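Peer 1: I would like the atomic coordinates for the input below:
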Amino acid sequence: MAEKKGLVMIYTGDGKGKTTAALGLALRASGHGAKIFMVQFRKSDPTYGEIQAINKFLPNVTVVQSERSRITGHGGFEQEDFDDAKNVFAQGREALLSGEYNLVIFDEVNFAADYGLIPRDEVVKMLKQRPPQTDVVLTGRNAPAEFVEMADLVSEVREIKHHYRAGIMAQKGIEY
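Peer 2: Below is the predicted model of the structure:
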C-alpha cells in the first residue's frame with residue numbers, strides 16, 4: 001500500500017463557512033484517531049462554541065488562538081498585531097514541521113498574509129518543508145496566488161445571501 005500523501009487544502013472566498021469547513025475536516029479526522037493542531041489568526045475568544053466543543057469532546061485537537069483580534073483595514077495595524085501574528089504563525093509552523101500532527105489548520109492565515117501580518121514567502125517555505133504525510137488547511141479570504149498554486153484542493157465559499165445584510169447580528173452557535 002502506498003504511503004499517505006499529505007494534502008494542502010484551502011478554504012477561501014467572501015462567504016461564511018471557511019473556518020466551519022476546516023473544523024468539519026478536523027472533526028472527521030479526529031474520528032479516525034488523527035492528531036490535530038489549529039492556530040487561529042485574529043481570533044482570541046476561548047468562549048467560541050467550537051473552542052468549547054473541542055475542549056470538551058476532542059482531546060486530540062490542540063488550538064492556539066491569537067492574543068489580539070482587532071480587525072482593521074490595510075495599513076491600520078500596530079506593532080503588537082504583527083508580533084501576535086508572528087507568534088501564532090511560529091507555533092503553527094513548529095507543530096507542522098514537528099511531524100507530530102496528522103492535520104494542521106492555519107485559520108485566517110490567508111487574511112494574515114493578504115494584510116501583510118505575516119510574509120507570504122514564509123508560508124510557502126513552510127509548506128515546502130512540511131512532512132509529506134501531513135495534511136494542511138489554510139483558511140481566510142483572499143488566498144494569495146502562491147498558496148493556491150501549491151494547494152491540492154481549493155474551495156471558494158461565495159456569499160450569495162447573508163443574514164447580516166438584513167440587520168441580523170452575529171448569533172451564538174451560528175457565528176461563534
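Peer 1: all the strands of the protein, residue numbers only.
Peer 2: Defined through DSSP state E, the strands belonging to the chain, from first to last, are 8-12, 36-40, 61-65, 103-107, 135-139, 153-156.
Peer 1: and the helices in this structure?
Peer 2: When assigned using DSSP state H, the helices of the chain occupy the ranges 18-31, 49-57, 79-98, 109-114, 120-129, 145-150.
Peer 1: which strands and helices sit next to the first one?
Peer 2: Counting contacts by 3 or more C-beta pairs under 8 Å, 6 or more residues apart in numbering; DSSP states H and E, the secondary-structure elements packed against helix 18-31 are strand 8-12, strand 36-40, strand 103-107, strand 135-139. Glycine gets a C-beta too; all of them are placed from N, C-alpha and C.
Peer 1: redo that, cut-off 10 Å
Peer 2: strand 8-12, strand 36-40, helix 49-57, strand 61-65, strand 103-107, strand 135-139, strand 153-156 (3 or more C-beta pairs under 10 Å, 6 or more residues apart in numbering; DSSP states H and E).
Peer 1: can you check the longest one too?
Peer 2: Packed against helix 79-98 by the contact rule (3+ C-beta pairs under 10 Å, 6+ apart) you find strand 36-40, strand 61-65, strand 103-107, helix 109-114, helix 120-129, strand 135-139.
Peer 1: report the distance from the longest one to the chain centre.
Peer 2: So that's helix 120-129. Its chain's C-alpha centre and that of helix 120-129 lie 15 Å apart, by C-alpha atoms, centre = their mean, to the nearest Å.
Peer 1: repeat for the last one
Peer 2: In terms of C-alpha atoms, centre = their mean, the centre of strand 135-139 is set 6 Å apart from its chain centre.
Peer 1: list the residues that contact the closest residue to residue 60 other than its chain neighbours.
Peer 2: Across the structure, with C-beta to C-beta, 6 or more residues apart in numbering as the measure, the residue nearest residue 60 apart from its sequence neighbours is residue 35 (5.1 Å). For residue 35, the contacting residues are 29, 59, 60, 61, 62, 95, 100, 101, 102, 103, 104, taking C-beta atoms under 10 Å, 6 or more residues apart in numbering as the criterion.
Peer 1: closest to residue 171 out of those residues?
Peer 2: Nearest to residue 171 among these: residue 61, at 23.9 Å, using C-beta to C-beta.
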